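Undergrad: Using only what follows, build the 3D model:
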Amino acid sequence: MRKPLLFLLMFAACSASAGVQADLRESGKLYQEQKYGQALAKYNEILRYSPQNEEASFGAGAAAYSLKDYGTAEAAFKQAVRQEGKLQQDALFNLGNAYYRAGDKQQAQEIYRQAILKNPNDKEAVHNLQLILEEQQNQNDQNNQNNQNQNQNSSNQSGGGNNNDQNSSADQQQNSAQDKENKDAAQRIMQMARENEYKKPQAAGAAQDDTVEKDW
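TA: Alright, predicted model coming up:
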């Protein structure tokens, strides 16, 4: 009596797996046709009956990202990362992109670092992390210049009071230490890029902010 039951259970499992694969193919086709809303809906449908499906989570993230729904993309890519499967490193990279596009560059920086730890040869992650570090350095340089200009103006107006001079000196020391830390980090990332012989892609239609995005 058990053998037929076991056979039926195995047949049901195979049928379910075949159904998931068929739905994944359909979702992928919708995505390739740039029907991102329909693709996202289909991926979410798969996740309702197969919540641990890594490909569906990854695909949902890709579709949401293409719709510029970065909050939904972040949630989907996080789910793909948690599966710890073959797509984990790519999901980390894409999660970093979603954070970057949403304006959370600090979190993007941390996620890119995780992606690089998973795969030190991930040239796109190295490139994007380098961009963030350079942006931070440029911003710090600009802030320092503005502070120096303000301090100079204050000194000219007040005759150079001691308290202002002390505050200015403390601020400059703090900024100098931060600058050194950022420069050291940027140099390490640039060295990684050189070791990987990375050249920035010149793909048509590339984003103006120069971040790199992998093909889904």
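Undergrad: contacts, neighbours, all on C-alpha from now
TA: Noted.
Undergrad: what's around Tyr65, how many residues?
TA: 24 (other C-alpha atoms under 10 Å).
Undergrad: what sits up against the helix or strand that contains it?
TA: Per DSSP states H and E, Tyr65 falls inside helix 54-66. Outside helix 54-66, the residues that touch it by C-alpha atoms under 8 Å, 6 or more residues apart in numbering are 24, 27-28, 31, 36-37, 39-40, 43-44, 46-47, 70, 72-77, 79-80, 83, 85, 87, 91, 98, 216.
Undergrad: what residues are up against Asn53?
TA: Counting by C-alpha under 8 Å, 6+ apart, Asn53 makes contact with Ile46, Leu47.
Undergrad: how far away is it from Gln88?
TA: Distance, Asn53 to Gln88, by C-alpha to C-alpha, to the nearest Å: 12 Å.
Undergrad: Of the contacts of helix 54-66, select the buried ones using a ChimeraX command.
TA: Those of the contacts of helix 54-66 that count as buried under 16 or more other C-alpha atoms under 10 Å are selected in ChimeraX with:
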select :24,27,28,31,36,37,39,40,43,44,46,47,70,72,73,74,75,76,77,79,80,83,87,91,98
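Undergrad: Among the contacts of helix 54-66, name the ones in helices.
TA: Among the contacts of helix 54-66, DSSP state H puts 24, 27-28, 31, 36-37, 39-40, 43-44, 46-47, 70, 72-77, 79-80, 91, 98 in helices.
Undergrad: who does the helix or strand containing Glu135 touch, helix- and strand-wise?
TA: Assessed by DSSP H and E, Glu135 sits inside helix 123-158. Under the contact definition 3 or more C-alpha pairs under 8 Å, 6 or more residues apart in numbering; DSSP states H and E, helix 123-158 sits against helix 105-118, helix 162-195.
Undergrad: Kindly report which one of the ones you listed carries the lowest mean pLDDT.
TA: Here the lowest mean pLDDT among those goes to helix 162-195, at a mean of 58.
Undergrad: domains for this protein, by residue range?
TA: Listed domain ranges for the chain are 13-87, 125-195 (source: automatic domain parsing).
Undergrad: Kindly report which one of the ones you listed carries the lowest mean pLDDT.
TA: domain 125-195 has the lowest average pLDDT among the domains of the chain, namely a mean of 68.
Undergrad: Phi first, then psi, for Pro51.
TA: Phi and psi for Pro51, reported as degrees, to the nearest 10, are phi -60, psi -20.
Undergrad: Could you give the number of residues near it?
TA: By other C-alpha under 10 Å, neighbour count at Pro51 equals 13.
Undergrad: Return the distance of it relative to Val20.
TA: 11 Å.
Undergrad: now do Asn119
TA: 29 Å.
Undergrad: So between the two, which is more surrounded?
TA: Remark: of Asn119 and Val20, Val20 carries more neighbours, 18 against 13, as counted by other C-alpha under 10 Å.
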